[in-house]
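Have a look; sequence and predicted model below, questions after that.
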Number of protein chains: 2
Amino acid sequence: MSTQTVTPEELDLASLRRQIDITLDDVLRSLSAEGSRCLGNHDDPSQILNRYVSAPGKRIRPLLCVLGWHAGDGSGELQPVLRTAASLELFHVFALIHDDLMDGSDTRRGLPSAHRAVAAMHSERRNAENFAASAAILLGDLAFVRSDQLLHSAGLTAEQLHAVFPLLDAMRNEVLLGQYIDLLAEGPPSDDLDRALTVARLKTTKYTIERPLQVGAALAGADATLFDACSAYALPLGDAFQLRDDLLGTFGHPRLTGKPVSEDLRSGKSTALMSLAVRNASPHQRRLLRDLVGDPDLDEQGATTIRKVLEETGARQAVEDMITHRHREALAALANPTFPPAVTEALHKIAHSALARTS
Amino acid sequence: MSTQTVTPEELDLASLRRQIDITLDDVLRSLSAEGSRCLGNHDDPSQILNRYVSAPGKRIRPLLCVLGWHAGDGSGELQPVLRTAASLELFHVFALIHDDLMDGSDTRRGLPSAHRAVAAMHSERRNAENFAASAAILLGDLAFVRSDQLLHSAGLTAEQLHAVFPLLDAMRNEVLLGQYIDLLAEGPPSDDLDRALTVARLKTTKYTIERPLQVGAALAGADATLFDACSAYALPLGDAFQLRDDLLGTFGHPRLTGKPVSEDLRSGKSTALMSLAVRNASPHQRRLLRDLVGDPDLDEQGATTIRKVLEETGARQAVEDMITHRHREALAALANPTFPPAVTEALHKIAHSALARTS
């Protein structure tokens, strides 16, 4: 049970997000000034990176990190917590830049993706595409380096550092290994539900929800009970979050998601939604999926055909049901009075906005 | 002056290298076992990564790290020092995998480069080249993650961690920013000597020689005097090391360097050697360089023509002179009695093998 008294006002999500943005802006400025000292008057890629980080984002990982700290009744300065939270966002920028390059995605957060932005800046080069791919690899790597740099200089005690290291290491292994399985899965649509759920667990659930919350809790000196309470909320919520994402990627409105409507279908992304459809499909439906899903030239008519199969096989409804079930599980976990009431309230809101979203 | 008595036998480079290799093998095994627990029975990329790390290498960065520790009269357990040294090698594997992908290099350490190895394993895929590029990005990222993981679990004290963090952060920024300037420099051969020397300073000198030595010294609680003594040796040696590399890349024997003889010339690598040649070239020679250097279809006859221009403009000799001058400077720095005699002796040997090498 909580003994401290963090208030709902202190945990207002909009104002926490503002504090995270301010911290990010501050650290980006000082990290690039420091990093660039060795460059003399040679070109500095930091500005491209910083523009990318500063673009509006949900900041869900840093938010959960700060909430995790409050969940553990963290006391003392908030600044080291905010800096650790911001370092998660910088790590995420690393992952996004490399992901967008691997997926060939053109946009991110309403802006051109990093490799697209670089290609546009250097369109006069003989081999602009290759150049941009190399630059994006390096920009991603630089984001990772600066995420570490921020963590190293966050002002954490030795105890805090040793508490967060294993969680960060696990998180980073998980997201990369999840991405690797996902990459291996490329190919015709598959009925492998276990693989789709494992990828979701590693790439989204643990990476986006569970580990950030636990990192914050670790900063507050969390014990095993608190870590478990974090997981009890985070695992069903994170799984549901990814399932919602899959539905939005297929049925969502492109104006709201900021992504072309059928990118998931065109790239043949391996999702629980698709694997359920393949499982329940008639031979005719299965043939349709095989022919259309993952076709780089898929048009709107083809996408509509796929969507119809996803509906008729009951896959869409099954995923909606999975989301509802997991959402309930996450809320039930919050009924456990391990967290201070204001934290519980904030986590309720996060669950709601993560699952009721349209983008 | 040294008060301890590290002996030349303790600093035998071959046996230090063996200890580093054993440490690397140990940690790779345990890191992949730990990392892979989250994978269930899904494919684990760790084996590809581990094969790559275990391939014979010079291990110059970890060696210098251990020597740096002895330079600072390090006392206590050697194990945390060896693990920190091994983490530098894992970071280097990250850099190599991404570099090879960016440069389109086919071989590394006598084996196929990571993206080539993956492409061969998955040649049946529709888009094996793209798949391999993505896999290589992820394998590089995973090496970075595990380098950090190794550092985090090296058993360093809080004091040691805070002493090495700023050095590691600087080193990582330097190598990536150097790589970025180098990437920007792609294009026709240039007379920009300053740029070529800056890239060499960041990508080689500081990354390969100065920072590893300083990281080791920091583990031993080095003060500013010791850090400066490290730099006084490392900066001229590292610059000379890169200049030797440029000569070998152009004039070296492919059987000894393990690289196709004219890869540097074919890729149009921006080097001090080339910029000196462009500076001193006659209009006719400059035209030859412009036409031939960086031509992806360059043949042996073209390479011979370029080599002739590099000789006739005096660029080759000028670079030999720069190496001799810097080698002397590095040795003069060792005459300063800051380091224990056995360390001085080992650093002498390293300077010799770095500059007299034929591969």
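Structure's in. What do you need?

so, in contact with chain B or not, the strand or helix carrying A:S15?
According to DSSP states H and E, A:S15 maps onto helix A:13-36. Yes. Legend: contact between helix A:13-36 and chain B by C-beta under 8 Å from any C-beta of the partner chain is shown at A:E34, A:G35, A:S36. Quick note: C-beta positions are derived from backbone N, CA and C, even for glycine.

got a list of what whatever residue of the stretch 51-200 of chain A ends up closest to chain B touches?
The stretch 51-200 of chain A approaches chain B most closely through A:A158 (3.3 Å), counting by C-beta to the nearest C-beta. Neighbouring residues of A:A158 by C-beta atoms under 8 Å, 6 or more residues apart in numbering or on different chains: B:T157, B:A158, B:L161.

for these, which one is nearest A:P340?
B:A158 (29.6 Å; C-beta to C-beta).

Scan the helices and strands of chain A for the one with the lowest mean pLDDT.
Sorting the helices and strands of chain A by mean pLDDT, DSSP states H and E puts helix A:254-257 at the bottom, at a mean of 63.

count of neighbours near the nearest residue to A:F165 once chain neighbours are set aside?
Using C-beta to C-beta, 6 or more residues apart in numbering or on different chains and skipping residues adjacent in sequence, the residue nearest A:F165 is B:H152, 3.9 Å away. By the criterion of other C-beta atoms under 10 Å in any protein chain shown, B:H152 has 18 neighbours.

what does A:N127 give?
Neighbour count for A:N127, taken as other C-beta under 10 Å: 12.

From A:V164, how far out is the residue of the stretch 51-200 of chain A closest to chain B?
11 Å (C-beta to C-beta, to the nearest Å).

How about A:V27?
Applying C-beta to C-beta, the value for A:V27 to A:V164 is 17 Å.

Look up which helix or strand A:P56 falls in, please.
Short version, using DSSP H and E: A:P56 is in no helix or strand.

What are the phi and psi values at the residue lying closest to it once chain neighbours are set aside?
Leaving aside its chain neighbours, A:P56 sits nearest to A:R109 (6.6 Å; criterion: C-beta to C-beta, 6+ apart). Main-chain dihedrals, A:R109, degrees, to the nearest 10: phi 50, psi 40.

Quick one: residues contacting A:R109.
Each residue near A:R109 by C-beta under 8 Å, 6+ apart is listed here: A:Y52, A:A55, A:P56, A:G57, A:G258.

so after the helix or strand containing A:L90, what's the next helix or strand?
Applying DSSP H and E as the criterion places A:L90 in helix A:79-103. Next along the chain after helix A:79-103, taking DSSP H and E as the criterion, comes strand A:107-108.

sorry, back to before: switch the residues of helix A:13-36 next to chain B over to TSV; also include neighbour count and pLDDT.
TSV is the format used below for the residues of helix A:13-36 next to chain B (neighbours: other C-beta atoms under 10 Å in any protein chain shown; pLDDT from 0 to 100):
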residue	neighbour count	pLDDT
A:E34	17	82
A:G35	24	76
A:S36	17	77
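
My read is that A:V293 contacts A:G187, right?
No. Contact criterion C-beta atoms under 8 Å: A:V293 and A:G187 do not qualify, at 10.1 Å.

how about the closest residue to A:A303 other than its chain neighbours, what does it touch?
Leaving aside its chain neighbours, A:A303 sits nearest to A:S262 (3.9 Å; criterion: C-beta to C-beta, 6+ apart). Residues near A:S262 by C-beta under 8 Å, 6+ apart: A:T250, A:L298, A:E300, A:G302, A:A303, A:I306.

who wins for neighbours among those?
Most surrounded of the contacts of A:S262: other C-beta under 10 Å gives A:I306, at 25 neighbours.

How about the contacts made by that one?
Contacts of A:I306 by C-beta under 8 Å, 6+ apart are A:T250, A:S262, A:L265, A:L288, A:L289, A:L292, A:V293.

and what of A:P8?
When contacts are counted by C-beta under 8 Å, 6+ apart, A:P8 touches A:A342, A:E345, A:A346.

Look up how far chain B lies from the first one.
Distance from A:A342 to chain B, counting by C-beta to the nearest C-beta, to the nearest Å: 32 Å.

Three-state assignment for that residue, please.
Counting by DSSP: H, G, I helix; E, B strand; the rest coil, the backbone at A:A342 sits in helix.

Isn't it up against A:D12?
No. Applying C-beta under 8 Å, one finds A:A342 not in contact with A:D12, separated by 9.8 Å.

Pick out whichever of those two has more residues nearby.
Set A:A342 next to A:D12 and count neighbours by other C-beta under 10 Å: A:A342 wins out with 21 against 14.

on that earlier part again, is it possible to get JSON lines of the contacts of A:R109 that adds pLDDT and neighbour count?
Below are those laid out as JSON lines (pLDDT from 0 to 100; neighbours: other C-beta atoms under 10 Å in any protein chain shown):
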{"residue": "A:Y52", "pLDDT": "85", "neighbour count": "22"}
{"residue": "A:A55", "pLDDT": "85", "neighbour count": "12"}
{"residue": "A:P56", "pLDDT": "84", "neighbour count": "10"}
{"residue": "A:G57", "pLDDT": "84", "neighbour count": "21"}
{"residue": "A:G258", "pLDDT": "59", "neighbour count": "13"}
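
just the residues you listed now: which is nearest A:G314?
A:G258 (28.9 Å).

Report the separation between A:T5 and A:A346.
Look at A:T5 and A:A346: by C-beta to C-beta, they are 15 Å apart.
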